[in-house]
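**Q** sharing a model that was predicted from the sequence below.
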Amino acid sequence: MKIKIREFIISDYHEIIKLWKEARLPFKPNGRDSKESIEKELQKGCCIFLVAVDENKIIGSVLGTNDGRKGWINRLAVKTEYRKKGLANQLLEDLEKRFYDLGIGIIACLIEDDNQDSLKVFSKFGYSEFEGMHYLTKRKHSKI
């Protein structure tokens, strides 16, 4: 198994969507996860989108965004048959290094209460839960 981590390119889009669906990640095809939205986000330069590839097949992904002060981890996913082999760790380490190289020293992720697998993964990789905070959003389009 020769796995390579590289930057996402827009022609990866359909394969990424299959991966996200397999990983049961929330998917907003008419909003933030549309091909057009992802392409715009890439052009803004505030995201790092990495894919893990095994023989030209996408087997993992992580999407990181930043506001110049804090990095956010989104969309960490690994194909079922590649789990528990260190691939999530490789993706996270690569993303973290890229954030640190940008001068970003705080990296965070949001995990829903019912996603115990992700809580375990991120805890294992040194992320600690931040108690006493409420996550609030305001959305231009509530159904997206």
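**A** Cool, got the structure.
**Q** okay, helices next: where are they in this protein?
**A** Along the chain, counting by DSSP state H, helices occupy 13-22, 35-44, 87-101, 116-124.
**Q** lowest average confidence across the ones you listed, which one?
**A** For the helices of the chain, mean pLDDT drops lowest on helix 116-124, to a mean of 89.
**Q** now do it against helix 87-101, angle only.
**A** Interaxial angle, helix 116-124 versus helix 87-101 (axes from the mean of the first three to the mean of the last three Cα atoms, to 10 degrees): 50 degrees.
**Q** tell me the buried residues in helix 116-124?
**A** Buried residues in helix 116-124, counted by 16 or more other Cβ atoms under 10 Å: 118-119, 121-122. In this view, the C-beta of every residue, glycine as well, is placed from N, C-alpha and C.
**Q** any chance of those in JSON lines, plus distance to residue 86?
**A** JSON lines is the format used below for the buried residues of helix 116-124 (distance: Cβ to Cβ, whole Å):
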{"residue": "118", "distance to residue 86": "16"}
{"residue": "119", "distance to residue 86": "19"}
{"residue": "121", "distance to residue 86": "12"}
{"residue": "122", "distance to residue 86": "15"}
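**Q** next, the buried residues of stretch 52-70.
**A** Per 16+ other Cβ under 10 Å, stretch 52-70 contains these buried residues: 52-54, 58-66.
**Q** which two of the residues you listed have the greatest separation?
**A** Among the buried residues of stretch 52-70, the pair separated by the greatest distance (Cβ to Cβ) is 54 and 66, at 27.8 Å.
**Q** from the buried residues of stretch 52-70, pick the one nearest residue 6.
**A** The closest of these, once distances to residue 6 are taken by Cβ to Cβ, is residue 53, at 6.3 Å.
**Q** ok, the closest residue to that closest one other than its chain neighbours to residue 85 distance?
**A** Nearest non-adjacent residue to residue 53, counting by Cβ to Cβ, 6 or more residues apart in numbering: residue 4, 5.1 Å away. Noted for residue 4: a distance of 15 Å to residue 85, by Cβ to Cβ, to the nearest Å.
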